[in-house]
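Engineer: starting from these lines, generate the structure:
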Amino acid sequence: MPVYVDDMYLSPAGQFGRMKMSHMLADTDDELHAMADKIGVARRWWQSPEKTSGSHYDIAMGKRAQALAAGAIAITWRQAGAMNTRRRVTGELGDPATAEAWVQQHMAAKRAAKGEAQ
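Structural biologist: This next block holds a predicted model:
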């Protein structure tokens with residue numbers, strides 16, 4: 001399973017002074033931690049799903065470049081958010097190419113079901 005890094009650094013939300021950050025995520029914590037170990041990110045920086053919207057690391061630009069060089073896949077911040085939503089529902093991140101459309105369909109189905117229940 002792949003590891004992904006987003007482009008949050010392009011947004012003001014991903015910029016802390018001169019530091020620019022991205023999210024690094026994967027389907028499983030084992031895969032995520034293996035990449036963190038490979039690129040030298042300390043385990044204490046892991047953001048667990050109990051504390052955040054999904055298991056991930058916030059990584060600086062240098063670590064992002066190392067992750068990409070080690071095989072991580074670049075995705076958009078929107079894709080990362082949609083993939084985390086899909087993981088909360090299905091247990092898997094799924095394909096980044098379909099993530100945003102999946103969330104739109106999921107939300108439409110929830111609205112339709114809510115409308116039917118009334």
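Engineer: any chance you could list what contacts stretch 50-64?
Structural biologist: 5, 9, 19-26, 29, 32, 36, 39-41, 45-49, 67, 81, 84, 87-88 (CB atoms under 8 Å, 6 or more residues apart in numbering). C-beta: built from backbone N, CA, C; applies to glycine.
Engineer: what subset of those residues is buried?
Structural biologist: Among the contacts of stretch 50-64, those classed as buried by 16 or more other CB atoms under 10 Å are 5, 9, 20-26, 32, 36, 39, 41, 46, 67, 81, 84, 87.
Engineer: out of these, which sit inside strands?
Structural biologist: Members of the buried ones among the contacts of stretch 50-64 lying in strands (criterion: DSSP state E): 5, 20, 21, 22, 23, 24, 25, 26, 46.
Engineer: pLDDT and distance to residue 104 added to the residues you listed, as CSV?
Structural biologist: Shown next, in CSV, are these (pLDDT from 0 to 100; distance: CB to CB, whole Å):
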residue, pLDDT, distance to residue 104
5, 98, 24
20, 96, 29
21, 96, 27
22, 97, 24
23, 96, 21
24, 97, 25
25, 96, 20
26, 96, 24
46, 94, 30
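Engineer: farthest pair within those residues?
Structural biologist: 20 and 26 (21.0 Å; CB to CB).
Engineer: chain center to stretch 15-24, what's the gap?
Structural biologist: Centre-to-centre, stretch 15-24 and its host chain are 14 Å apart (CA atoms, centre = their mean, to the nearest Å).
Engineer: what's near enough to touch the nearest residue to residue 9 once chain neighbours are set aside?
Structural biologist: What sits nearest to residue 9 in space, not counting adjacent residues and going by CB to CB, 6 or more residues apart in numbering, is residue 20, at 3.6 Å. Applying CB under 8 Å, 6+ apart to residue 20 gives the contacts 9, 14, 60, 61.
Engineer: quick check: bridge partners of residue 20?
Structural biologist: Note on residue 20: beta-bridge partners by DSSP bridges are residue 15.
Engineer: the one 5 residues further on now?
Structural biologist: Residue 25 forms beta bridges with residue 4, as assigned by DSSP bridges.
Engineer: now do it against residue 46, distance only.
Structural biologist: 11 Å (CB to CB, to the nearest Å).
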